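A.B. asks: coords please:
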Amino acid sequence: ENVYRWQKKLFRPIIKDFIDDFILDKNHLLPQRIYK
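C.D. replies: Below you'll find the predicted structure:
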């Protein structure tokens, strides 16, 4: 249970960072696509 909780704590920020990066990438690519 302790190990599971630790993994969850470690894993959640990674997922959040991944999602934030993905959203930033989409926001960055969208204007380029419109202007091209």
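A.B. asks: and for Gln7, the neighbour number?
C.D. replies: Residues contacting Gln7 under the criterion other Cβ atoms under 10 Å number 10. For the C-beta atoms, the positions are set from N, CA and C on the backbone; glycine is no exception.
A.B. asks: I misspoke; the intended subject was His28.
C.D. replies: For His28, using other Cβ under 10 Å, the count is 9.
A.B. asks: enumerate every residue touching it.
C.D. replies: Not one residue lies near His28 by Cβ atoms under 8 Å, 6 or more residues apart in numbering.
A.B. asks: just how off-centre is the one helix or strand it maps to within its chain?
C.D. replies: Using DSSP states H and E, His28 sits within helix 2-35. Centre-to-centre, helix 2-35 and its host chain are 0 Å apart (Cα atoms, centre = their mean, to the nearest Å).
A.B. asks: where does the chain dip in pLDDT?
C.D. replies: The chain contains residues with pLDDT under 70 at 30-36.
A.B. asks: the same query, at a cut-off of 80, please.
C.D. replies: Along the chain, segments meeting pLDDT under 80 span 1, 27-36.
A.B. asks: can you tell me how far Trp6 is from Arg12?
C.D. replies: Distance check for Trp6 against Arg12: by Cβ to Cβ, to the nearest Å, it reads 11 Å.
A.B. asks: just Tyr4 next, same as before
C.D. replies: 12 Å.
A.B. asks: what's the answer for Ile19, then?
C.D. replies: With Cβ to Cβ as the criterion, Ile19 and Arg12 are 11 Å apart.
A.B. asks: then Leu29?
C.D. replies: For Leu29, the distance to Arg12 - Cβ to Cβ - is 26 Å.
A.B. asks: please apply the same query to Asp25.
C.D. replies: 20 Å.
A.B. asks: and what of Asn2?
C.D. replies: Plainly put, Asn2 is 16 Å away from Arg12 if you go by Cβ to Cβ.
A.B. asks: which of those two has more neighbours?
C.D. replies: In this view Asn2 and Arg12 are compared by other Cβ under 10 Å, and Arg12 has more residues nearby, 10 against 6.
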